[in-house]
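J.: Give me coordinates for this.
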Amino acid sequence: MPTEKSTRVIIMERLNEEIIRAQTGDLHRAADFLEGARKVRAGSKRQRMLSRKAQKTAYLKKVDNPISW
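T.: Below you'll find the predicted structure:
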């Protein structure tokens with residue numbers, strides 16, 4: 001009984017088949033696209049992290065600071 005392929009393996013097989021048929025310009029555009037997509041994901045991850053940090057301390061803006069004598 002053959003093991004079931006993961007989605008990533010199926011996509012990699014399709015990509016390899018297209019790489020064989022592609023021209024250099026196609027490969028260059030695909031590489032640029034993948035690099036850009038990775039940068040977008042990294043930026044989104046950073047933005048979510050900063051948003052979560054801000055949310056953790058947001059309540060402090062609405063309360064008075066304690067008075068110390």
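J.: how many other residues sit next to M49?
T.: 10 (other C-beta atoms under 10 Å). Glycine gets a C-beta too; all of them are placed from N, C-alpha and C.
J.: Quick one: neighbours of G43, just the number.
T.: Neighbours of G43 under the rule other C-beta under 10 Å: 10.
J.: do you know how far it is from G36?
T.: Using C-beta to C-beta, to the nearest Å, G43 is found at 11 Å from G36.
J.: any low-confidence regions in the chain?
T.: Residue ranges of the chain with pLDDT under 70: 1, 63, 65, 69.
J.: So which residue is smack in the middle of it?
T.: Per C-alpha atoms, centre = their mean, the C-alpha nearest to the average position across the chain is that of R41, at 2.7 Å.
J.: Give me the three-state assignment for the residue nearest to A22 when sequence neighbours are not counted.
T.: Distances taken as C-beta to C-beta, 6 or more residues apart in numbering place A30 nearest to A22, at 7.5 Å, with adjacent residues excluded. Under DSSP: H, G, I helix; E, B strand; the rest coil, A30 falls in the helix class.
J.: and what of E13?
T.: From three-state DSSP, the assignment for E13 is helix.
J.: What is the neighbour count of it?
T.: The burial count assigned to E13 is 11, neighbours taken as other C-beta under 10 Å.
J.: What of the one 3 residues further on?
T.: The local packing of N16 (other C-beta under 10 Å) involves 9 other residues.
J.: List the buried residues in stretch 52-69.
T.: Across stretch 52-69, burial judged by 16 or more other C-beta atoms under 10 Å covers no residue at all.
J.: That stretch: how far from the chain's middle?
T.: 32 Å (C-alpha atoms, centre = their mean, to the nearest Å).
J.: With stretch 4-21 instead?
T.: The answer for stretch 4-21 is 20 Å, by C-alpha atoms, centre = their mean.
J.: List the contacts of that stretch.
T.: The contact list for stretch 4-21 (C-beta atoms under 8 Å, 6 or more residues apart in numbering) reads L27.
J.: Great, nothing more from me.
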